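Peer 1: Fold the stuff below for me.
(one chain, ligands or ions: 1)
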Amino acid sequence: MADSSKPKEEHVHDVFQQIAPNYDRMNNIISFNRHKAWRKFAMRKMAVSPGDSAIDLCCGTCDWTLSLAEASKNGPITGLDFSQAMLDVGRRKIAVDPYGDQITLIQGNAMELPFADNSFDYATIGFGLRNVPDLVQVLKEMRRVVKPGGMVVCLEVSKPTAQPFKGLYYFYFDRILPVFGKVFAKSYEQYKWLPESLKPFPGRKELAQTFRDVGLKQVEDYPLTGGVAALHIGIKEK
Ligand SMILES: C[S@@+](CC[C@H](N)C(=O)[O-])C[C@H]1O[C@@H](n2cnc3c(N)ncnc32)[C@H](O)[C@@H]1O
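Peer 2: As a prediction, this is how the structure comes out:
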């Protein structure tokens, strides 16, 4: 069982090791399939060109990694995650995907990327930034490894502000979602982590400011589905 008294990084690692086999199915259920539309919106804003390279941090079961490979056609795409169990699920999807050959998966920590400066056209992180011990450190790492003119992109759950939607959302998130985790994946404790991890996470405008604070330029932020999720984009100066 995941133990929330452990240091955050260890706790998060335990959570994803345990939920990996059910992760994709649960993602569809708890987001009412919205995660697919959010990723499509992100891909439209990113406008990846054939041959572009990307690193997908906290790639998990590799949905975004695969979208990046499809968009870049023949560009090199790397997925990085610290959970072997999540990577194993991703690896099975990559093996049967027509764009899978472009992808390299690495087990590693988003806090300390094993890549040289200026290596990629894009650095993405999908529903991962909320899970890391120090989001500023991870954003600095993303900025470091993208090329001048490259793009740092974060898709993450966020904090709706308009009532009554906000009240309904928090009721769902805090009370119903962990029950879904218990019913559909026998993982109440693990799914309680999702609302817990959102509490200390910055709101949409605050996160946009953090993008600027780490030196990213032309920062854009988009609320998705009434602010339930948000897309943030920043460019590394040329
Ligand atoms: C909510 S899942 C997101 C997976 C995928 N990006 C998606 O959109 O479905 C978060 C992922 O972040 C990974 N993760 C959390 N902290 C990490 C860290 N410090 N370094 C590498 N991976 C991490 C977890 O193992 C998990 O696979």
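Peer 1: Surely residue 230 forms part of a strand?
Peer 2: Yes: under DSSP: H, G, I helix; E, B strand; the rest coil, residue 230 sits within a strand.
Peer 1: Without its sequence neighbours, what residue ends up closest to it?
Peer 2: Distance criterion C-beta to C-beta, 6 or more residues apart in numbering; nearest residue to residue 230, sequence neighbours excluded, is residue 158 at 3.8 Å. All C-beta atoms are positioned from the backbone trio N, CA, C, and that covers glycine.
Peer 1: Look at residue 3 and report its pLDDT.
Peer 2: Here, the pLDDT recorded for residue 3 equals 54.
Peer 1: Tell me where the model's unsure across this protein.
Peer 2: Along the chain, segments meeting pLDDT under 70 span 1-5.
Peer 1: what does it put close to the ligand?
Peer 2: Contact residues, the chain versus the ligand (C-beta under 6 Å from any ligand atom): 9, 12, 16, 27, 58-60, 63-64, 81-83, 86, 109-111, 126-128, 131-132.
Peer 1: What about these, which are in helices?
Peer 2: If you go by DSSP state H, the residues of the chain next to the ligand have 9, 12, 16, 27, 63, 64, 86 in helices.
Peer 1: Now do the contacts for the closest residue to the second one other than its chain neighbours.
Peer 2: Right, the one you point to is residue 12. Spatially, and ignoring its direct neighbours in sequence, residue 12 is nearest to residue 131 (4.8 Å; C-beta to C-beta, 6+ apart). Counting by C-beta atoms under 8 Å, 6 or more residues apart in numbering, residue 131 touches 12, 58, 197.
Peer 1: Give me the buried positions along stretch 12-32.
Peer 2: Using 16 or more other C-beta atoms under 10 Å as the burial criterion, the residues of stretch 12-32 that qualify are 12-16, 18-20, 22-24, 26-27, 29-31.
Peer 1: Quick one: residues in contact with it.
Peer 2: Defining contact as C-beta under 8 Å, 6+ apart, one finds that stretch 12-32 is touched by 2-3, 6, 35, 60-61, 63, 81-86, 88-89, 131-132, 177, 180-181, 184-185, 187, 190-191, 193-194, 197.
Peer 1: who touches the residue positioned nearest the centre of the chain in this structure?
Peer 2: Geometric centre of the chain, nearest residue: residue 126, 1.5 Å, by C-alpha atoms, centre = their mean. Contact partners of residue 126, counting by C-beta under 8 Å, 6+ apart, are 39, 42, 56, 58, 59, 60, 63, 64, 154, 155, 156.
Peer 1: how about 6 Å then?
Peer 2: Contacts for residue 126 (C-beta atoms under 6 Å, 6 or more residues apart in numbering) come out as 64, 155.
Peer 1: That one bridge partners, please.
Peer 2: With DSSP bridges as the criterion, residue 126 is bridged to residue 155.
Peer 1: Mind checking which of the residues of the chain next to the ligand are buried?
Peer 2: By 16+ other C-beta under 10 Å, these give 12, 16, 27, 58-60, 63-64, 81-83, 86, 109-111, 126-128, 131-132 as buried.
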